[in-house]
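Asker: no sequence for this one, just the structure:
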């Protein structure tokens, strides 16, 4: 373990948490529209996996991707501007919360059709193999993808072609409202024909360890690996969800495993951080989020003449 | 195949194959991927022998998973490769429609111009051979509906030989509809074809009395109909639309300005079809050129039945075109 790096990871988890809390607030004020899917509770997974990747690796995400985007190092300013639909947004405002893209960070976006990202990620890993590049492709998805043909097709192709891809299954137990136990006859999501393991996705240290091992395996073997992170979203599926499908008690139980206090406790025990330093982090993050909010508020609207730009390259 | 002066006689299949061969030879980034394109030699023998020549890295057989390998093609294209994806028949492309519509066509715009998807998707298409309702579709209108796609209909041997080369220069996704009914047809083409256009329709036969606008398997049927009509003194102009999206209305509007009459011919179902769109464009921008209402010959709105006589009746045939033209000309 590396104290300096760990502090950065705590900072990232806190940034994701506070950023999304602010996003939820802005949604209720109708500053952010469309769909908004919060990642709160799952931060250890994004942060723990992303720290194992290099800048050259490719990342594919889902429509619940603020955490992935922030952990990948995309500037909160341009993420917030994107959610505001402003020109300065990371997808020029055309994407939304569900479609954050930053090609300079090799972050190939949130895909809002469940499993749509999986085959594309395999194709990108195939290209790396063909081009004899050393980078890997990391594709996040969720346990609800496991019932879809794309999941089976993508894993089959990746295993068949032996391409360097890390599949990260964020098993947060619920698709929208349908629990994994009602949608699968087996709740053990590991897949035959592909190396895989399962980790406690609420524990950053464990995620880091297993993600590092998985990435190392993919990089050295050139073959796919499936890492299942058992996690839980504390918030509703989206801002329209009244959570009829799960008991408050269950949510409270999972909250006791909140990855952020867990990791803070660890750092305090190691004496790598003090309570005062955590407070200072919070204050720094608050300022950063306010800056992102101001940036988004002051952002420009795309001129109407640009409406049809980017449909075709030369038009 | 025999060479005579500057032309050669070639089947549609061989023309497609030469186009593929050239593409694979010219650019190392190009690879062909699809069901049975390698060891089997292609479901329609278009890629026969290519595996032996170019190897498994370039000619990739895939399991039966349209959304999987089309998606993989999109990812490879985003990463700088030039994948040519073969969907065995257009009928199965429905299984990959999410990838084609939500990703290939959309990623550039949704990412604010950061991403390009230069993928080529080839599909065997067309109606006939008594293949029944699930293997006889004309899905060109579905895809022509979608902004972000370039949709090409390969209705001639010239295009079969040369259009792939042009398509590979496109930074945007290209769908190629190839017609399996035409594979064995032999035609003369120039040995040295110019680079095919990805934006223009083509006047294949000039005429002054009526414009027949068509694409796909309607092209040769319309040319044959025009030849017969010439024997009774009717001089029809035949236009192959070729590019179904973005649609080249300049070419057909210029034709109608000359002929003042128009018949649109296609295999696709009449409702919400390519002919609906062409007709609407003529209404918007060519209404005052017309001496008679626009007429259409389309597929009958019915799932294609198995019996040969019903199948034949479900799509326009040469005689239908001749009769429709005569009716339009003699009425006036």
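Answerer: Yes, it's here. Since this is a predicted model, take the numbers as computed values, not measurements.
Asker: Show me what the helix or strand bottoming out on mean pLDDT in chain A packs onto, helices and strands only.
Answerer: Counting by mean pLDDT, DSSP states H and E, the weakest-scoring helix or strand in chain A turns out to be helix A:180-183, with a mean of 79. When contacts are defined as 3 or more CB pairs under 8 Å, 6 or more residues apart in numbering or on different chains; DSSP states H and E, helix A:180-183 packs onto no helix or strand at all. The way it works is simple: take the backbone N, C-alpha and C, and place the C-beta from them, glycine included.
Asker: can you pull the buried residues of it?
Answerer: residue A:180 (16 or more other CB atoms under 10 Å in any protein chain shown).
Asker: Pull up the residues of the stretch 101-250 of chain B that are close to chain A.
Answerer: B:102-103, B:107-116, B:147-148, B:150, B:170-172, B:246 (CB under 8 Å from any CB of the partner chain).
Asker: Run a quick check on residue B:225 versus residue B:231, I expect a contact.
Answerer: No: distance between residue B:225 and residue B:231: 11.1 Å, which falls outside the contact criterion (CB atoms under 8 Å).
Asker: still on that earlier bit, are any of the residues of the stretch 101-250 of chain B next to chain A buried, and which?
Answerer: B:102-103, B:107-116, B:148, B:150, B:170, B:172, B:246.
Asker: Inside strands: which ones of these?
Answerer: Counting by DSSP state E, these place residue B:150 in strands.
Asker: What separation do you get for the residue of the stretch 101-250 of chain B found nearest chain A and residue A:100?
Answerer: Per CB to the nearest CB, residue B:112 is where the stretch 101-250 of chain B lies closest to chain A, at 2.7 Å. Distance of residue B:112 to residue A:100, given as CB to CB, to the nearest Å: 11 Å.
Asker: what do the two both touch?
Answerer: Between them, residue B:112 and residue A:100 share these contacting residues under CB atoms under 8 Å, 6 or more residues apart in numbering or on different chains: A:90, A:91.
Asker: who does residue A:61 bridge with?
Answerer: As for beta bridges, residue A:61 partners with residue A:110 under DSSP bridges.
Asker: Tell me how many other residues surround it.
Answerer: A count of neighbours around residue A:61, defined by other CB atoms under 10 Å in any protein chain shown, yields 28.
Asker: my read: it touches residue A:110, true?
Answerer: Yes: at 5.0 Å, residue A:61 counts as touching residue A:110 under the criterion of CB under 8 Å.
Asker: residues shared between the contacts of the two?
Answerer: By CB under 8 Å, 6+ apart, the residues touching both residue A:61 and residue A:110 are A:68, A:69, A:100.
Asker: Compile those residues into CSV and extend it with columns for secondary structure and pLDDT.
Answerer: As requested, the shared contacts of residue A:61 and residue A:110 are arranged in CSV below (DSSP: H, G, I helix; E, B strand; the rest coil; pLDDT from 0 to 100):
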residue, secondary structure, pLDDT
A:68, helix, 98
A:69, helix, 98
A:100, coil, 97
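Asker: rewinding a little: whatever helix or strand comes next after the least confident helix or strand of chain A: partners in the sheet, and parallel or antiparallel?
Answerer: Counting by DSSP states H and E, the element after helix A:180-183 in chain order, helix or strand, is strand A:195-200. Neighbouring strands of strand A:195-200 in its sheet, by DSSP bridges, are strand A:225-230 (parallel).
Asker: picking up where we left off before, and the gap between the residue of the stretch 101-250 of chain B closest to chain A and residue B:20?
Answerer: Note on residue B:112: its distance to residue B:20, by CB to CB, is 34 Å.
Asker: so who does residue B:78 touch?
Answerer: Residue B:78 touches A:108, A:120, A:123, A:124, A:127, B:107, B:115, B:116, B:117, counting by CB under 8 Å, 6+ apart.
Asker: Over to residue A:238?
Answerer: A:35, A:36, A:37.
Asker: In those residues, which residue is surrounded by the most others?
Answerer: For the contacts of residue A:238, neighbours tallied by other CB under 10 Å; top is residue A:36, 23 neighbours.
Asker: wait, does the host helix or strand of residue A:216 make contact with chain B?
Answerer: Using DSSP H and E, residue A:216 sits within helix A:204-221. No: with CB under 8 Å from any CB as the criterion, chain B is not reached by helix A:204-221; the gap is at least 16.0 Å.
Asker: Show me what that helix is packed up against.
Answerer: helix A:3-28, helix A:43-50, strand A:165-171, strand A:195-200, strand A:225-230, helix A:259-269.
Asker: right, so these: which one is the most enclosed?
Answerer: The highest average neighbour count among the helices and strands packed on helix A:204-221, using mean count of other CB atoms under 10 Å in any protein chain shown, belongs to helix A:43-50 at a mean of 29.
Asker: returning to that earlier point: ok, residue B:225 and residue B:231, which is more surrounded?
Answerer: residue B:225 (28 against 7).
Asker: Tell me the residues of the stretch 201-315 of chain A that contact chain B?
Answerer: Within the stretch 201-315 of chain A, the positions near chain B by CB under 8 Å from any CB are A:308, A:309, A:310, A:311, A:312, A:313, A:314.
Asker: tell me the SS of the residue lying closest to residue B:37 once chain neighbours are set aside?
Answerer: Leaving out its chain neighbours, the residue that sits closest to residue B:37 by CB to CB, 6 or more residues apart in numbering or on different chains is residue B:47, at 4.7 Å. Three-state call for residue B:47 (DSSP: H, G, I helix; E, B strand; the rest coil): coil.
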